[in-house]
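Engineer: below are the sequence and a predicted model; questions follow.
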Amino acid sequence: MARIVLVHGAFGGAWSWEPAIPGLEEAGHAVQALDLPGSGEDQTPVAEVTLDAYAERVCEALASGPPAVLVGHSMGGVVVTQAAARTPEQVETLVYVAAFAPADGQSLLDLTSLPEGAGDQVQANIVVDGDPPVATMPETAARVVIYGCSSDDAAGKAVARRRPQPVAPFTQPVHIPADKRDAFAGLPRAYVTCLQDLAIPPALQQRMYGAAGCDPVVELDTDHTPMLSRTKELVVILDKIASGATRAVSA
């Protein structure tokens, strides 16, 4: 049995992981999904929502128990990277699920600007407004871009729960403290790449998991949210990774 901490992506909340949690618990794991500041049911003001605040929330969760398998989806990949860089001793394995995997000094927007990020339909469809700025995505666009392989019922329920996303964490780079670099570099990493992803193009995912040294890399032929569209398959993958069978994982 492993401890698994699940971190959601932009516009989401702990609810984003709800479909996958029962299967992981049935496999014997202790599972925690959390709301990042200003997301889900958390009411942190937009002005206080930063990458630092995100990472601090995850570090607090990690500190509440033994070292965990730390899983980030989408933007949550940036968050788990920053949190793991601060407290590598609390992390057994880093797992990226259709997620951004930044290097030291890179922000989410830096990654979307890479040549492999061309065609990113999140950047093409979000609307940014306000001071501090927040991003929204029209429901019709979210249905196609984020939940394209999910049923109409499941996608509709997910779209209805999405909240506006503070923009500041997109712009803020990951920082790896000098005294943690060796420990952070030594963490095992795995990546679940989604081949029909319109939010993070598969070519960009490939560049990131290659640069990060992720092993294993597991392919799923689905959209940006496999926890909803390919729940059983994702649970099997995460169970195998969490159980330590990293080199035997296959979709």
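Structural biologist: Great, that's in hand.
Engineer: just the buried residues of stretch 95-108, please?
Structural biologist: Using 16 or more other Cβ atoms under 10 Å as the test for burial, stretch 95-108 gives 95, 96, 97, 98, 99, 100, 101, 102, 106, 107, 108. (Each C-beta comes from the backbone N, C-alpha and C, glycine too.)
Engineer: quick one: end-to-end length of it, please.
Structural biologist: With Cα to Cα, to the nearest Å as the measure, stretch 95-108 spans 17 Å from end to end.
Engineer: likewise stretch 121-140?
Structural biologist: Where stretch 121-140 starts and where it finishes are 12 Å apart, if you go by Cα to Cα.
Engineer: now that stretch: buried residues?
Structural biologist: In terms of neighbour count (16+ other Cβ under 10 Å), stretch 121-140 has its buried residues at 121, 122, 125, 126, 134, 135, 136, 137.
Engineer: got the buried residues of stretch 95-108 as TSV, with pLDDT, secondary structure and distance to residue 209 columns?
Structural biologist: Rendered in TSV, the data for these read as follows (pLDDT from 0 to 100; DSSP: H, G, I helix; E, B strand; the rest coil; distance: Cβ to Cβ, whole Å):
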residue	pLDDT	secondary structure	distance to residue 209
95	98	strand	11
96	98	strand	7
97	98	strand	11
98	98	coil	11
99	98	coil	9
100	98	coil	11
101	98	coil	6
102	98	coil	12
106	98	coil	14
107	98	coil	18
108	98	helix	16
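Engineer: from the residues you listed, which two are the most distant?
Structural biologist: Pairwise distances across the buried residues of stretch 95-108 (Cβ to Cβ) peak at 20.9 Å, for the pair 95 and 107.
Engineer: for the nearest residue to residue 127 once chain neighbours are set aside, give me its contacts.
Structural biologist: For residue 127, ignoring the flanking residues on the chain, the nearest one in space by Cβ to Cβ, 6 or more residues apart in numbering is residue 136 at 5.3 Å. Residues counted as contacts of residue 136 (Cβ atoms under 8 Å, 6 or more residues apart in numbering) are 126, 127, 129, 164, 165.
Engineer: repeat that for residue 5.
Structural biologist: Contacts of residue 5 were listed using Cβ under 8 Å, 6+ apart, and they are 32, 33, 34, 58, 61, 62, 68, 69, 70, 71.
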